[in-house]
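>>> Model the following, please.
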Amino acid sequence: MYRDIAPLKKVKVSDEVTYALENIIVENDLVSGDILPSQAELSEKLKVGTRSIREAIRSLESRGMVETRQGKGVFIKETNIDNFLETLMGSFVFHFPSQKDLLIDLTNTRRIIESQAIYDVAIDPPQGFISRFAHLIEELDQKAGENKIDAYNILDFELHKSIIEATDNKILISLYKHLTQLMMRSFSKTGYVRGSLETSIADHHAMLKAIVNKDGDQAKKTMEKHIRLTLIKVENMSSDE
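Take a look at the predicted model:
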């Protein structure tokens, strides 16, 4: 007997074309002032109608990535890190073979980023950070005591985001912001299993203690352990989730 076979998700052709144009921009290192191939050439190369090309271009225009100059063509606009990362995140979601593969790589990315971030913050906490971090932990403890798991997971994300923001690294903060949607999806999949809530609470208090003591090594070690627990849960997901 076959397991249940889920229907394919319907994807608009214009969405596929949008991703294709994003890849053209990124892979060809196009910068502000560069021109995209004509709509006719894109239609021929991508084997889609010009209507889908126009819709994709409008999508990129709405995000500030390109601009159409009447009678001249479609040009790359001056972009910033936010536009680049939005393109990158969209490509991740579109191209990953499965939700599980995406979540495994996402969780490992979190481990790499957050373990170093908390080390840097712990050895030199910015003014006001410790009190904010402690307040978030108090709120998390309260939500746990009330068994409000969804609210706990949302606050858990805010706690981790506060560490990234405390680095005052604009590129890192922007990257983390664009991972938000993927992270929330991860939390919805892995937020709570039997026994994990107690471990999560203990880890948060251990992080706070290490930060108060300015013990970067212990803070990093705790964060590594904390996120590896999430990684184990993701790896144990069934492949069709």
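
>>> low-confidence ranges in the chain?
1-11, 78-99, 180-195, 237-241 (pLDDT under 70).

>>> Tell me which residues of the lengthiest helix in it come out buried.
Looking across the chain with DSSP state H, the single longest helix is helix 99-123. By neighbour count on 16 or more other CB atoms under 10 Å, the buried set for helix 99-123 is 99-100, 102-104, 106-107, 109-111, 113-115, 117-122. (Glycine included, C-beta is placed from N, CA and C.)

>>> and if you look at stretch 161-181?
Buried residues in stretch 161-181, counted by 16+ other CB under 10 Å: 161, 163-167, 172-179.

>>> Identify, from those, the entry nearest to residue 56.
residue 178 (20.4 Å; CB to CB).

>>> Torsion angles phi and psi at that closest one?
Here is the backbone geometry of residue 178 (degrees, to the nearest 10): phi -80, psi -10.

>>> what separates it from residue 110, distance-wise?
For residue 178, the distance to residue 110 (CB to CB, to the nearest Å) stands at 13 Å.

>>> now do residue 35
Relative to residue 110, and taking CB to CB, residue 35 is found at 38 Å.

>>> okay, now residue 33: neighbour count?
9 (other CB atoms under 10 Å).

>>> list the contacts for it?
By CB atoms under 8 Å, 6 or more residues apart in numbering, the residues touching residue 33 are 75, 76.

>>> Confirm it sits in a strand?
No. Going by DSSP: H, G, I helix; E, B strand; the rest coil, the assignment for residue 33 is coil, not a strand.

>>> Let me see the backbone angles for it.
phi 100, psi -20.

>>> same check, this time on residue 128
phi 90, psi -10.

>>> Tell me how many other residues surround it.
Residue 128 has 9 nearby residues by other CB under 10 Å.

>>> where's it relative to residue 48, distance?
Here the criterion is CB to CB. By it, residue 128 lies 52 Å from residue 48.

>>> Kindly provide the distance from residue 152 to residue 169.
According to CB to CB, residue 152 and residue 169 sit 27 Å apart.

>>> Also residue 153?
25 Å.

>>> In three-state terms, label residue 176 for me.
Residue 176 is classified as helix under three-state DSSP.

>>> right, and the secondary structure at the residue sitting furthest away from the middle of the chain would be what?
No residue in the chain sits farther from the centre than residue 71, which is 38.2 Å out by CA atoms, centre = their mean. The three-state assignment at residue 71 reads coil, by three-state DSSP.

>>> Same question for the one 3 residues further on.
Judged by three-state DSSP, the three-state class of residue 74 is strand.

>>> Give me the neighbour count for it.
23.

>>> residues contacting it?
Here residue 74 is in contact with 35, 36, 39, 57, 66, 67, 68 (criterion: CB under 8 Å, 6+ apart).

>>> between the buried residues of stretch 161-181, which is nearest residue 137?
residue 163 (12.1 Å).

>>> Look up how far residue 196 lies from the closest one.
From residue 163 over to residue 196 the distance is 20 Å, taken as CB to CB.

>>> and if you look at residue 116?
24 Å.

>>> Compute the distance between the closest residue to residue 46 other than its chain neighbours and residue 27, please.
Leaving aside its sequence neighbours, residue 46 sits nearest to residue 20 (CB to CB, 6 or more residues apart in numbering; 5.8 Å). Noted for residue 20: a distance of 10 Å to residue 27, by CB to CB.

>>> Neighbour count for those two, which is higher?
residue 20 (18 against 8).

>>> Okay, and the more buried one sits in which element?
helix 13-27 (DSSP states H and E).
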